[in-house]
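Peer 1: Task: produce atomic coordinates for the following.
(chains A, B and C)
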Amino acid sequence: MTRSDAALKSRGGAVYGLDLETDGMLFGALVPAPVASGVLRSVDLTAARRAPGVVVAVGPDELAALLPNGGNAERPVFPKSRILYRHQPVAAVAATSLAEARAAARLVRVDVTNEPAFIDIEDRYPEWPSKLASNDPHVVAHVVARHGDLAAAFRTADLVHSETYRTSGIAHVALEPHACLAVVADGTWKVTTSTQTPFGVREDAAEILGIPQESLVVEGTWVGGGFGSKGAAFLEPYALLLAAASGRPVRLAFGYREEFLTGRSTLPSVIRLDTSVKNGTITGRRVRLLLDSGASLPGRDFATGYSIGFLLGPYKIPAFEMEGYAIRTNKPPFGPHRAPFAPQCVFAIDSHMDGLSRRLGVDPVEFRLRHVWREGDRTALYQPVGPFGAAAGLERAHAKVAEWRRNLPAGTGIGVGIGFWSTSTGAGGEVRLHLTANELVIEQAEHEIGSGSVVRGLVAVAERYFGLPTDRIRVVSTSTATAPFDSGVFGSRTVAALGRAVEAAGAKLLETLGARASMVGTPRLDVDGRRLVLVSGRTKTPVAELLKPKEREGGLVTEGRHYGRSGAIDATRAVEGTFYPYTDFTASVHVAAVSVDRETGSVKVLRYAAFQDIGTVLDAGMFRGQVEGGVAMGLGTALTEETLWGPDGRLGNPGLLDYRIPTIAEMPPVEVVAIEGFLGAGPFGAKGLGEPPIIPVPAAVANAVADATGARVVELPLTPERVARALKLL
Amino acid sequence: MPFTLEQPKTVREALQRLADPTGGPSVPIAGGTDLLLDLDEGRVASTRVVSLRRLPWNTMRWESDRLVVGSTLPLARLGTDPAVRRRLPGLVDAVDAVGSLALRHRATLGGNLGRAAPASDVVPVLLALGATVRLVALSGHRDVPVGQFVRASRQTDLAPGELIESISVPAAPVSSYVWQRVRPANDVSQVGVAVARSDSPSGWHVALGGVLPAPMRVVEAEAMLTQPNPSEAEVEVAAQAAARRASFVTDKRATESYRRRLVSTLVRRAIARALRDEASR
Amino acid sequence: MTGKLSLVVNGAKGRSISVPDDERLLDTLRWRLGLKGTKEGCRTGDCGACTVLVDGETTLSCLTLSHEVDGAKVTTIEGIAEDPEGRRVQAAFEAEEALQCGYCTPGFIVALTGVRRELGSEATSAALVDGLQGNLCRCTGYLAILRAVDRVRDGPP
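Peer 2: So this is what the prediction gives:
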């Protein structure tokens, strides 16, 4: 079935955040901090205010007059004294044109001390992992978990395999930069914005501005790619502030350079793994993670406790110790990015598993099959593993490897990677259904970000649930003023969690209609000519006849909610810090075939296969699109993408020429295979799909390079120069 | 910085406008694919931009064995011309390496040369081919070999009040350009190597891009290539000589040592490509 | 400085409009002519989201000064379907679901239309792909777009 937004988008009719425009609108521009670390002495807006076209300029000193209680003291709109990263916004201006706003922003005089920046986590902690105190002021999060007798495991091992892995920062590169339009009038604050989470922006922006959530309305637009970058308030508080100060609508948008310089992305890490083996079986593992958190505030690191678990699973490890540090540096705060930090962890763990199995002389897929979780196993933190397609995927991957060994030229490297993921079905949401004589409307807060989870996924759930054809179901996205609450489009949860809310609202709808028609048992909906009918047994009643007079216009309305369970972890194993429980286990098993240029280090991906544990495929096109897109993004992480931070906190490659995402010319053919039947928590057993397909790509590619050359690259991305070094060419 | 745009229709008018300081510093623009970014970022501080697009320089013609390319001819026109493909395969290799097709519809040979970007894919091949640049000023013309025209990164022999009128390139059916990049498509080359075989005087020309202070010929390597079909050993010696001779820089795209390592490989590949191309005809 | 210019956009000769000397065609189309189907991405010529046809040639409107194309014929996504080739390309993108967030889609459709016109009906897939490598997509992984390319090439004229 073709997605309902295809025609609109292919004709250029979709209005994104960057396209917003209204009468009397001003253009905003932010004033960036000129240093990565320092103390703000003053922000002088005088020259900017006198510049042509400028209507308003605001800085730290203006907050008190514009916001109730001066805004949030803990999370101020502009920093009061300490600058945490270069390009941190310290003031903002609004003018009648974008050029004037930008010119005026350059006239703001920012007086700030310039202190040495802390940029490279390894510069600071060369002795890591042996010497790093958890009370170091730069440690914003410290997590420790352990179980079993690791010392004994290491002492009695046949061998201990040890390796250190490094990963680089990566950027989202959603093609549409952040953009929003704010209006403040009569005590109501409203922002229209390109966002993955309208309710999340409402909560976050209201908190930053220090205003009640009820006084803020957030309305979404079509989103030109999110990947986690548009998941919390970002430009919205600044735009609202400028609108409040000027009394006029204000459009605030980033240029692409600002997108790179100020964006909240994945930052570098160092991962140390030591694994003990006895009689061909893993007996213990020590995991150490040093993660660059950028300017994350204490308590706001989310990545460490979540992602560190990926360094143990999806494998059975009897004894372990894991310790993770989130380190504050003078870079923009670490932000969520499609399966946050999981591709990096899986690169480390599955490179490690591959290297270990080769050292043992065991087939790498066999070795993983020996250890991989199956339903009923327990995770490191003693969560029960539910239906999980990893072993089934590995069996398929095994066959694919054998096929390619037969068919592809000698010298081709073939590698396997396994990712696992936990769909965030614990994040709740609600929908409102409107049933009229001729159609079913699903009203909810989310706007389509591209995956199809809103425009197609929710419709597919309703199709199956009611037995209605696609053309009788419509999704509408309304603002936070009218739509029922939803957590947002993130965590691969939209179809899995919000789809369940569609079912819940549907059950109420059928129950109400059945009662009105005095039907016995659960009726269903069907189409009879132009009309919708309610069917039970042989009885058919037109829906029109079951609607009350006041329902003729807006239809019969029911609401449904789904607040899923979050898992629980064994607190005796989690010694320190916050670990996030997994809720719904999804496996992605990928196979990559590569050729490596032995003289330059260039890697070419020749073939690719993805076996995706999905529970139930609700829409074949959407399934394929998510896997193919995830593989492409993962290939960028694997081979070419990295943010290059200078010692002064300057980003060396803030543009698409030197931050290299894959182009159409590099894509290999990708075989996409669904592993169905290991049912998840979503509707009809569906599992979340937005994130899983990116996770194992760097591992599969790195293992393929090792297979081709015998040389293991332990740092992402595998640029030609890094591969050349591993090949000892220089 | 905002700027004004002037669009003269004759060469004389263009030269006069560039010579006239009224209204602030001026800069000529051809395709603009590189200059506009510098203007946007304030790296070029001109307040007057003089467009060359209406001048009669959007041309290319053969003058016996030389291709004369007007300085504002879009690169895409070179890449698709059958005679150019046959007689100057190395030039086509280089032109095809520049950006995307849409970019090549605007980017020009004159602009690429005049901007003298250190990582230019086009300059090395013009060096290897022995191209000359025809410059025009109100006082008349002069012809300068490309090797003298490009002096250093972003520095040329272009005098104030001068413009590039055309580039004259001798045919070299045995020529090629090869490069190394992090991402094959649409990236900046870390190192590029151009080679061309000439019949009179007979011998090979070898030129490198991505080196300091600017793309350069390496005569030390050329001296090792005495045969029209050099032996593997000769090629290897030449490749090593090229790697030894050049100076490299460590920057965000590659380290000095990786660039040096690439040169010898790419010299071998460029010669092999040029000869393979000849053999297939 | 601001001067007058006039463009023939999507077949209609527009009135003369005042445009600053340094304005890019992208901004003239989007903000003065209200044609927001042409998307603003990187503004450095590296993403292709702003691709339009100028006198039939694929052109990065972010790197084009509006005054330099005064009088030219400009085709944007809003007018691409008036060209039968453009309509076929558009239909192929819809049928293959060769789009997700849709932000790169107008640029891709315009670019493929222009590249097919430029290379002619004999164009190989490799040549077409080469003509599209300046158009970035972050969602689809390009494979659905490649299926759309094949559908246009192999489908009925």
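
Peer 1: mind listing what's buried in the longest helix along chain B?
Peer 2: Longest helix in chain B by number of residues, with DSSP state H as the criterion: helix B:256-279. Applying a neighbour-count criterion of 16 or more other C-beta atoms under 10 Å in any protein chain shown, one finds B:258-271, B:273-275, B:277-278 buried in helix B:256-279. To be clear about C-beta, it is placed using only N, CA and C from the backbone, and glycine gets the same treatment.

Peer 1: Tell me if I'm right that A:Val697 and A:Glu641 touch.
Peer 2: No. Assessed by C-beta atoms under 8 Å, A:Val697 is found out of contact with A:Glu641, at 11.5 Å.

Peer 1: Between these two, which is the more surrounded one?
Peer 2: Using other C-beta atoms under 10 Å in any protein chain shown as the criterion, A:Val697 and A:Glu641 rank with A:Val697 on top: 30 against 26.

Peer 1: can you tell me the helix or strand for the residue of chain C found nearest chain B?
Peer 2: For chain C, the residue closest to chain B is C:Gly134, as judged by C-beta to the nearest C-beta, at 2.2 Å. Under DSSP states H and E, no helix or strand contains C:Gly134.

Peer 1: what sits against it?
Peer 2: For C:Gly134, the contact set (C-beta atoms under 8 Å, 6 or more residues apart in numbering or on different chains) comprises A:663, B:99-103, B:186, C:45-48, C:60, C:111.

Peer 1: per-residue pLDDT, residue 15?
Peer 2: I'll assume chain A. Here the pLDDT value assigned to A:Val15 is 98.

Peer 1: Wait, chain C was what I had in mind.
Peer 2: Reported pLDDT for C:Arg15: 84.

Peer 1: What is the neighbour count of the spatially closest residue to it that is not a sequence neighbour?
Peer 2: Counting by C-beta to C-beta, 6 or more residues apart in numbering or on different chains, C:Arg15 lies nearest to C:Ser6, which is 7.0 Å off, once chain neighbours are set aside. Per other C-beta under 10 Å, the neighbour tally for C:Ser6 reads 14.

Peer 1: now do the one 5 residues further on
Peer 2: Counted by other C-beta under 10 Å, the residues lying close to C:Gly11 total 11.

Peer 1: before we move on, back to that, the residue nearest to C:Arg15 touches C:Ser16, doesn't it?
Peer 2: Yes. The criterion here is C-beta under 8 Å, and C:Ser6 meets it with C:Ser16 at 4.7 Å.

Peer 1: Any idea which residue of chain C lies closest to chain A?
Peer 2: Closest point on chain C to chain A, by C-beta to the nearest C-beta, is C:Gly37, at 2.1 Å.

Peer 1: quick one: contacts for that residue?
Peer 2: Taking C-beta under 8 Å, 6+ apart, one finds A:11-13, C:76-78, C:106 in contact with C:Gly37.

Peer 1: Neighbouring strands - and their directions - for the helix or strand of chain C with the lowest mean pLDDT?
Peer 2: Least confident helix or strand, chain C: strand C:12-13 with a mean of 87, by mean pLDDT, DSSP states H and E. Strand C:12-13 pairs in its sheet with strand C:8-9 (antiparallel), by DSSP bridges.

Peer 1: any idea which of the contacts of C:Gly37 has the most stuff around it?
Peer 2: C:Pro106 (31 neighbours).

Peer 1: Three-state assignment for that one, please.
Peer 2: helix (DSSP: H, G, I helix; E, B strand; the rest coil).

Peer 1: is stretch A:661-672 anywhere near chain B?
Peer 2: Yes. Residues of stretch A:661-672 are located near chain B by C-beta under 8 Å from any C-beta of the partner chain, namely A:662-666.

Peer 1: which parts of that stretch are buried?
Peer 2: A:661-668, A:670, A:672.

Peer 1: Closest one of those residues to A:Glu115?
Peer 2: Nearest to A:Glu115 out of the buried residues of stretch A:661-672 is A:Ile661 (C-beta to C-beta; 33.9 Å).

Peer 1: Near residue 141, how many other residues are there?
Peer 2: Since no chain was named, I'll use chain A. As a measure of burial, A:Ala141 has 24 neighbours, counting by other C-beta under 10 Å.

Peer 1: nope, chain C please
Peer 2: C:Gly141 has 29 nearby residues by other C-beta under 10 Å.

Peer 1: List the contacts of it.
Peer 2: So C:Gly141 contacts A:625, A:628-633, A:662, A:667, A:670 (C-beta under 8 Å, 6+ apart).

Peer 1: Skipping its backbone neighbours, what lies nearest it in space?
Peer 2: C:Gly141's closest residue in space is A:Ala632 (C-beta to C-beta, 6+ apart), at 3.2 Å.

Peer 1: wait, is the one you found part of a helix?
Peer 2: Yes. Counting by three-state DSSP, A:Ala632 is part of a helix.

Peer 1: hang on, isn't it packed against A:Thr663?
Peer 2: No. A:Ala632 is beyond contact range of A:Thr663, at 9.8 Å (criterion: C-beta under 8 Å).

Peer 1: Overlap in contacts, these two.
Peer 2: By C-beta under 8 Å, 6+ apart, the residues touching both A:Ala632 and A:Thr663 are C:Tyr142.

Peer 1: List the ones among the residues of stretch A:661-672 next to chain B that fall in strands.
Peer 2: Judged by DSSP state E, the residues of stretch A:661-672 next to chain B include no members of strands.

Peer 1: Phi first, then psi, for A:Val90.
Peer 2: phi -120, psi -10 (degrees, to the nearest 10).

Peer 1: What are the neighbouring residues in contact with it?
Peer 2: Contacts of A:Val90 (C-beta under 8 Å, 6+ apart): A:31-33, A:40, A:43, A:59-60, A:78-79, A:83, A:108, A:110.

Peer 1: Dump these into a markdown table; add distance to A:Ala92 and secondary structure as well.
Peer 2: Formatted as a markdown table, these follow (distance: C-beta to C-beta, whole Å; DSSP: H, G, I helix; E, B strand; the rest coil):
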| residue | distance to A:Ala92 | secondary structure |
| --- | --- | --- |
| A:Val31 | 6 | strand |
| A:Pro32 | 11 | strand |
| A:Ala33 | 13 | coil |
| A:Leu40 | 15 | strand |
| A:Val43 | 10 | strand |
| A:Gly59 | 8 | coil |
| A:Pro60 | 11 | helix |
| A:Phe78 | 8 | coil |
| A:Pro79 | 13 | coil |
| A:Ile83 | 16 | strand |
| A:Val108 | 9 | coil |
| A:Val110 | 12 | strand |
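
Peer 1: what about stretch A:211-222, average pLDDT?
Peer 2: 97.

Peer 1: Distance across it, terminal residue to terminal residue?
Peer 2: This stretch, stretch A:211-222, spans 26 Å end to end (C-alpha to C-alpha, to the nearest Å).

Peer 1: Tell me the secondary structure of residue 29, please.
Peer 2: The chain I'm using is chain A. strand.

Peer 1: ok, it - how many residues close by?
Peer 2: 31.

Peer 1: Near chain A, which residues of chain B are found?
Peer 2: Near chain A, when you scan chain B using C-beta under 8 Å from any C-beta, you find B:2, B:180, B:182-188, B:252-255, B:257-258, B:260-262, B:265.

Peer 1: try 7 Å this time
Peer 2: B:180, B:182-188, B:252, B:254-255, B:257-258, B:261-262, B:265 (C-beta under 7 Å from any C-beta of the partner chain).

Peer 1: Assign C:Pro156 to one of the three secondary structure states.
Peer 2: Applying three-state DSSP: C:Pro156 is coil.

Peer 1: How about B:His141?
Peer 2: Going by three-state DSSP: B:His141 is strand.

Peer 1: count of neighbours near it?
Peer 2: B:His141: 11 neighbours (other C-beta under 10 Å).
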